[in-house]
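S.K.: Let me see the structure of the following:
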Amino acid sequence: MGFPCGQQSSQPATTALGFDRIATCNPQLHIVPNVVCKLEKSTIMSDLINEYISLAIEHGETTLTGDFKRGNKIHAKMMKIVDNIKDGKPDIKEQFYTLMHHDSDSVKVWTAVTLLKTFEDEALTVLKSIEKKDKDIFALNAKMSIDSWTKGMLTNS
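M.R.: I've put the predicted structure just below:
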């Protein structure tokens, strides 16, 4: 049995005993399915981070325009993404953590509030910097989040 590429076996070019000389002469790369699955999952997780960023920015816009109905729908989507991130691998959690330093105050506030329980000091520092920086709705949101957290009224799991 042969393949169009010249490889005689469906197995990868390496074997338990070393290199298969016939298979290694084949210039075609054999991709192991497990590697493909890991790459796809990593890409999906990066897509989750990007979607979270887009939704957090969009939520900020709905807050500024007062479109609470759309904002509530966006919030629900964001929380589903957060749940997926919490169940994800450490690298996706690290990517999420870095969002506390994103350019958008909306992204920073949402991320910091989400991470208060895990990274309290860092999250409070981010929220306090937003609170002091501007006198807009995001500063008020940061202030209210800090106050609620300090009083034990804000919980996240």
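S.K.: Please report the distance of the residue nearest to Thr111 when sequence neighbours are not counted from Gly66.
M.R.: Among residues not flanking Thr111 along the chain, Leu99 sits closest, at 4.2 Å (Cβ to Cβ, 6 or more residues apart in numbering). Where you see a C-beta, it was placed from the backbone N, CA and C, and this is true even at glycine. Separation of Leu99 from Gly66 (Cβ to Cβ, to the nearest Å) stands at 25 Å.
S.K.: higher neighbour count, those two?
M.R.: The neighbour comparison of Leu99 against Gly66 (other Cβ atoms under 10 Å) goes to Leu99, with 20 against 9.
S.K.: my guess is that one contacts Tyr52, does it?
M.R.: Yes. Using Cβ atoms under 8 Å, Leu99 is in contact with Tyr52, at 7.4 Å.
S.K.: rewinding a little: got a list of what the residue nearest to Thr111 touches?
M.R.: Ile49, Tyr52, Ile53, Ala56, Val107, Lys108, Thr111 (Cβ atoms under 8 Å, 6 or more residues apart in numbering).
S.K.: Check which helix or strand the first one maps to.
M.R.: Using DSSP states H and E, Ile49 maps to helix 33-65.
S.K.: repeat for the last one
M.R.: Thr111 is part of helix 105-114 when elements are defined by DSSP H and E.
S.K.: mind exporting the following helix or strand past that helix as PDB, just the C-alpha atoms?
M.R.: Using DSSP H and E, the helix or strand that follows helix 105-114 in sequence is helix 120-133. Listed next in PDB are the C-alpha coordinates belonging to helix 120-133 (Å, rounded to 0.1, in the frame of the first residue of the first chain):
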ATOM      1  CA  GLU A 120      -7.000  41.200  44.700                       C
ATOM      2  CA  ASP A 121      -4.000  43.600  45.000                       C
ATOM      3  CA  GLU A 122      -3.400  43.900  41.300                       C
ATOM      4  CA  ALA A 123      -7.100  44.200  40.400                       C
ATOM      5  CA  LEU A 124      -7.600  46.900  43.100                       C
ATOM      6  CA  THR A 125      -4.600  48.800  41.800                       C
ATOM      7  CA  VAL A 126      -6.000  48.800  38.300                       C
ATOM      8  CA  LEU A 127      -9.500  49.900  39.500                       C
ATOM      9  CA  LYS A 128      -8.000  52.700  41.600                       C
ATOM     10  CA  SER A 129      -5.900  54.000  38.700                       C
ATOM     11  CA  ILE A 130      -9.100  54.100  36.500                       C
ATOM     12  CA  GLU A 131     -11.000  55.800  39.400                       C
ATOM     13  CA  LYS A 132      -8.400  58.500  39.700                       C
ATOM     14  CA  LYS A 133      -7.600  58.900  36.000                       C
END
